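Q: Predicted model and sequence below, questions to follow.
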Amino acid sequence: MDTPVHTPFGSSHTPPTIRVVVMGVSGSGKSTIGALVADAMDLPFLDGDSLHPMVNIHKMAAGTPLTDEDRWPWLEIVGNELAHTTARGVVIACSALKRSYRDAIRSKAPDTIFLHLDGSLGVLSSRLEGRSGHFMPPALLASQLAALEPLGSDERAVIIDISAGITSILDEAVAGINRAVTP
Ligand SMILES: Nc1ncnc2c1ncn2[C@@H]1O[C@H](COP(=O)(O)OP(=O)(O)OP(=O)(O)O)[C@@H](O)[C@H]1O
Ligand SMILES: O=C(O)[C@H](O)[C@@H](O)[C@H](O)[C@H](O)CO
């Protein structure tokens with residue numbers, strides 16, 4: 001007679017893949033916080049700036065805001081990276097300013113969590129003015145804020161105020177993501 005095999009925790013289960021987009025306007029801290037969150041959660045990190053077609057980088061560097069048409073191919077790459085991660089998950093820094101952009105990403109990776117680094121014009125301006133060696137001119141901040149559409153209550157999201165220090169933002173981000181992935 002076969003003896004039933006009991007496992008200590010009942011039936012085995014596969015943990016959910018953790019897909020995170022760290023979103024927000026230029027200077028909100030996406031690259032800084034995104035890399036730290038990935039490190040703390042032992043996930044790979046991708047900076048959306050490195051996924052832009054070069055023509056987009058040149059356009060922004062020359063002080064011209066991107067259009068929807070400029071962004072679609074880039075959002076498709078971001079969505080594909082999220083959908084096809086071979087790791088336990090992935091964290092990607094990507095401005096994802098408009099609802100339609102987030103919908104495009106979700107069409108590839110429906111369970112994506114959007115971590116919005118939210119800040120006032122004053123905080124953002126001073127962060128951008130204090131940054132050096134970056135292609136994005138601070139003068140484009142106004143166009144970024146004009147394009148930004150807040151997360152809806154139906155979106156899987158974590159929203160964090162960026163006026164706090166980096167350690168506190170990191171702790172809040174990791175806790176928020178863990179809550180969002182817990183079924
Ligand atoms: N919580 C924070 N406190 C103080 N400085 C911060 C904080 N977060 C980020 N910074 C600094 O603010 C600047 C902007 O951050 P970062 O480059 O990560 O923003 P970003 O959203 O990736 O910008 P972009 O979209 O233009 O690439 C950097 O100089 C960074 O070191
Ligand atoms: O959608 C956009 O306009 C761009 O993605 C920008 O947000 C830049 O990538 C970033 O802010 C500069 O690093």
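A: On my side now, so go ahead. Ligands and ions are numbered 1, 2, ... in the order given.

Q: residues contacting the closest residue to Leu66 other than its chain neighbours?
A: What sits nearest to Leu66 in space, not counting adjacent residues and going by Cβ to Cβ, 6 or more residues apart in numbering, is Asn56, at 5.8 Å. Quick note: C-beta positions are derived from backbone N, CA and C, even for glycine. Contacts for Asn56 (Cβ atoms under 8 Å, 6 or more residues apart in numbering) come out as Leu66, Asp70, Arg71, Trp74.

Q: Closest one to Ser163 out of those, please.
A: Checking the contacts of Asn56 against Ser163 with Cβ to Cβ, the nearest one is Leu66 at 26.7 Å.

Q: picking that back up, so the residue nearest to Leu66 belongs to a helix, correct?
A: Yes: Asn56 sits within a helix when classified using DSSP: H, G, I helix; E, B strand; the rest coil.

Q: For Val90, which three-state class applies?
A: strand.

Q: Against Asp68, how distant is it?
A: Using Cβ to Cβ, to the nearest Å, Val90 is found at 25 Å from Asp68.

Q: Mind checking which of the two has more residues around it?
A: Val90 (23 against 12; other Cβ atoms under 10 Å).

Q: pLDDT weak spots in this structure?
A: Along the chain, the model assigns pLDDT under 70 to residues 1-12.

Q: Could you show which parts of this structure are in contact with ligand 1?
A: Contact residues (Cβ under 6 Å from any ligand atom) of the chain with ligand 1: 24, 26-32, 49, 93, 95, 127, 130-131, 136, 162, 165-166, 169.

Q: now with 8 Å?
A: Residues of the chain found near ligand 1 (Cβ under 8 Å from any ligand atom) are 22, 24-34, 47-49, 93, 95, 117, 127-128, 130-131, 134, 136, 162-166, 169.

Q: Show me which residues of the chain sit near ligand 2.
A: Proximity of the chain to ligand 2 (Cβ under 8 Å from any ligand atom) is limited to residues 25-27, 30-31, 48-49, 52, 56, 60, 65-66, 71, 74, 94-97, 101, 134-136, 140, 143-144, 147.

Q: Point out the ones among those that are inside helices.
A: Those of these mapping onto helices are Lys30, Ser31, Asn56, Met60, Arg71, Trp74, Tyr101, Ser143, Gln144, Ala147, per DSSP state H.

Q: what number of residues lie near Met54?
A: Met54: 7 neighbours (other Cβ under 10 Å).

Q: Then Pro138?
A: For Pro138, using other Cβ under 10 Å, the count is 17.

Q: show me where this structure has strands.
A: Ranges of strands in the chain, per DSSP state E, are 18-23, 45-47, 89-93, 113-118, 157-161.
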